[in-house]
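In: need a structure here:
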Amino acid sequence: MNGGACGLWMGPRALVAAVVGSDGRVQTVKVPRTEDAREGLVAWLVAVGVADMLLPDTLLREDSIGRVAIASGLTVWTVSRALVEPLRLAAGISAGRSSAIAALLARMQRIPSYRAQLRRMVPPDPGRQLRLL
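Out: Down below sits the predicted model:
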């Protein structure tokens, strides 16, 4: 999986990660909604050589996975959910197929016209943080 990308989508019962390798093969993993599971997923992604994580902007706001991934050195990209939904519909992927939606996200960075729609999340600069106390 070296150099692959991981797309994330929140399913009804679990977070779904789809890793698309540089050879195009897809491996999906369902992760329980716990902080330990998030950390375990990110550790596994780093271990298998995944370089980029793609997730909808809504998931970044609602879940800790983006922060955990950035802290572990992964490059995290967000995409507007308003873009994901029409792509999902055009691809004929039903809303309940979380694995297919996660794979769609993982593949977005390989398509130049969609790559321009991605927003890279930059880790906070500790030198620019203000001390409150």
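
In: pLDDT of the biggest helix by length in the chain, averaged?
Out: Longest helix of the chain, by residue count under DSSP state H: helix 35-47. Averaged across helix 35-47, pLDDT comes to 95.

In: next, the buried residues of it.
Out: Using 16 or more other CB atoms under 10 Å as the test for burial, helix 35-47 gives 37, 38, 39, 41, 42, 44, 45. Just so you know, the C-beta spots here come from the backbone N, C-alpha and C atoms, and that holds for glycine as well.

In: ok so residue 110 is a strand residue?
Out: No: under DSSP: H, G, I helix; E, B strand; the rest coil, residue 110 sits outside any strand and is assigned coil.

In: now for the lowest-mean-pLDDT helix or strand in the chain, which elements pack on it?
Out: The least trusted helix or strand in the chain, going by mean pLDDT, DSSP states H and E, turns out to be helix 112-115, with a mean of 87. Under the contact definition 3 or more CB pairs under 8 Å, 6 or more residues apart in numbering; DSSP states H and E, helix 112-115 sits against no other helix or strand.

In: so what's the gap between that helix and the chain middle?
Out: Mean-position distance between helix 112-115 and its chain equals 16 Å (CA atoms, centre = their mean, to the nearest Å).

In: now the closest residue to residue 29 other than its chain neighbours. Its backbone dihedrals?
Out: In space, and not counting its chain neighbours, residue 29 is closest to residue 17: 4.7 Å by CB to CB, 6 or more residues apart in numbering. Per-residue torsions, residue 17: phi -110, psi 130 (degrees, to the nearest 10).
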